[in-house]
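Q: Sequence plus the predicted model coming up.
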There are 2 protein chains.
Amino acid sequence: MNQKNGIINKLRTSGLRPTKQRILLAQNLFIRNKTFHFTVEKLEKEINKNGNEKVSLATIYNTVEAFTKAGYLKEILTSKNKSYYDTNIKSHHHFYDETTKELTDINYNQVKLNKLPTPPKGKKIKSFEVVIRIQK
Amino acid sequence: MNQKNGIINKLRTSGLRPTKQRILLAQNLFIRNKTFHFTVEKLEKEINKNGNEKVSLATIYNTVEAFTKAGYLKEILTSKNKSYYDTNIKSHHHFYDETTKELTDINYNQVKLNKLPTPPKGKKIKSFEVVIRIQK
DNA sequence: TTTTTAGTTTATAATTATTCTAAACTATAA
DNA sequence: TTATAGTTTAGAATAATTATAAACTAAAAA
């Protein structure tokens, strides 16, 4: 019940009404020990697999978008034509396997940059990500 | 005519029959002084704008895929749900503007990495790209 | 050369991911 | 307790891409 209250507060502080559906999605996404890479399709299957009350696909789209805007999810850069999200919102890096087109996490401290460019005028660097393309 | 022969050879060495359509696309894409970021939609407009004989959309899709497999184009990593290609196949970096969702090139030598992770077993590092997220 | 063949192009249909719409519903403020 | 503003939903609409199968063509074989 406490965990649920934590989630309710988290939603409220972002101006998101704590509806049944948002709480269910937040519980699924934010209470994990490993970070989670997912598409809306994958999340939908996971949410609606049990005898649970179903959450509509449109709501899953809306909620994932709302969570991303709130900074609770991060969209992953890929070359596929569907959106991938990551529950790990810390700046981190990925291996991108060109054969299988799979992404895997690289720990932040395994990559170090010693030169960054100056950003365009009026813009600030928020974070950076390294994608390392790998092959057989 | 010589430029055209160069293109024909380039196609032949990749096992691609030098058809009228492939030659036209190769001329448009590979004979530029600036690198070119594009979507299939944008390329289609560019190819079919003049009184030229039209190239079908399906062929543009097929050809862009064939050129990418042959290593003449590179797919750009983005968070949009359509494919972006780059005529700059050298490993290089991008600013990703989180506000406008626009990508701009960063010169290769403006970024330096001094630590790279070991790749997963059986895989080799082919290249890496840095995406720098920027904001107002 | 001419014929054959295997690869290519094309229009169009099908598929996939996502967004839109508007009616029903619900958390919260009055 | 009621009003209202935000939310959810099924299904329609849209956008990007892939599949299909018939017509075409470059290159190999005769």
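A: Structure's in. What do you need? Numbering: from 1, shown residues only, chains lettered A, B, ... in the order given.
Q: what does the longest strand seen in chain A contact?
A: Assignment by DSSP state E gives strand A:124-135 as the longest strand of chain A. The contact list for strand A:124-135, computed with C-beta atoms under 8 Å, 6 or more residues apart in numbering or on different chains, reads A:77, A:91-99, A:106, A:111, A:113, A:116, A:119, B:77, B:98, B:113, B:116-117, B:119-120, B:123-136. (Glycine included, C-beta is placed from N, CA and C.)
Q: Just the buried subset of those, please.
A: A:77, A:92-97, A:106, A:111, A:119, B:77, B:119, B:123, B:127-134 (16 or more other C-beta atoms under 10 Å in any protein chain shown).
Q: Kindly export the longest strand of chain A (C-alpha atoms) in PDB.
A: Output of strand A:124-135 as PDB, limited to C-alpha atoms (Å, rounded to 0.1, in the frame of the first residue of the first chain):
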ATOM      1  CA  LYS A 124      22.700  23.500 -23.800                       C
ATOM      2  CA  ILE A 125      24.000  20.000 -23.700                       C
ATOM      3  CA  LYS A 126      21.600  17.900 -21.600                       C
ATOM      4  CA  SER A 127      23.200  14.500 -21.900                       C
ATOM      5  CA  PHE A 128      25.000  12.300 -24.400                       C
ATOM      6  CA  GLU A 129      24.700   8.700 -25.400                       C
ATOM      7  CA  VAL A 130      27.200   6.500 -27.200                       C
ATOM      8  CA  VAL A 131      25.900   3.800 -29.600                       C
ATOM      9  CA  ILE A 132      28.500   1.200 -30.400                       C
ATOM     10  CA  ARG A 133      27.800  -0.700 -33.500                       C
ATOM     11  CA  ILE A 134      28.900  -4.300 -33.200                       C
ATOM     12  CA  GLN A 135      29.100  -7.200 -35.700                       C
END
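Q: next one: that strand to chain centre, how far?
A: 16 Å (C-alpha atoms, centre = their mean, to the nearest Å).
Q: Residue A:32 against residue A:87, yeah?
A: Yes. Assessed by C-beta atoms under 8 Å, residue A:32 is found in contact with residue A:87 at 6.5 Å.
Q: For the two, indicate the residue with more neighbours.
A: Neighbours were counted for residue A:32 and for residue A:87 using other C-beta atoms under 10 Å in any protein chain shown; residue A:87 has more, 18 against 11.
Q: so who does the closest residue to the more buried one other than its chain neighbours touch?
A: Nearest non-adjacent residue to residue A:87, counting by C-beta to C-beta, 6 or more residues apart in numbering or on different chains: residue A:36, 4.5 Å away. Contacts here follow C-beta under 8 Å, 6+ apart; on that basis residue A:36 touches A:29, A:86-88.
Q: Go through those residues and say which is closest to chain B.
A: residue A:86 (10.8 Å; C-beta to the nearest C-beta).
Q: Show me what the closest one is bridged to.
A: For residue A:86, the beta-bridge partners under DSSP bridges are residue A:37, residue A:74.
Q: now swap in residue A:104 and tell me
A: The partner list for residue A:104 in beta bridges (DSSP bridges) reads residue A:95.
Q: That one touches residue A:95, doesn't it?
A: Yes. Counting by C-beta under 8 Å, residue A:104 touches residue A:95, with 4.9 Å between them.
Q: Mutual contacts of those two, please.
A: residue B:120.
Q: Can you tell me the SS state at residue A:113?
A: Following DSSP: H, G, I helix; E, B strand; the rest coil, the label given to residue A:113 is strand.
Q: Mind jotting down where the helices sit in chain A?
A: A:2-13, A:20-30, A:40-47, A:57-69 (DSSP state H).
Q: Would you mind reformatting the ones you listed (as TSV) and adding columns for mean neighbour count and mean pLDDT while you're at it?
A: Converted to TSV, the helices of chain A look like this (neighbours: other C-beta atoms under 10 Å in any protein chain shown; pLDDT from 0 to 100):
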stretch	mean neighbour count	mean pLDDT
helix A:2-13	13	92
helix A:20-30	17	96
helix A:40-47	16	95
helix A:57-69	16	97
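Q: Compare those and give me the one nearest residue B:65.
A: Each of the helices of chain A has some distance to residue B:65 by C-beta to C-beta; the shortest is helix A:40-47, at 23.2 Å.
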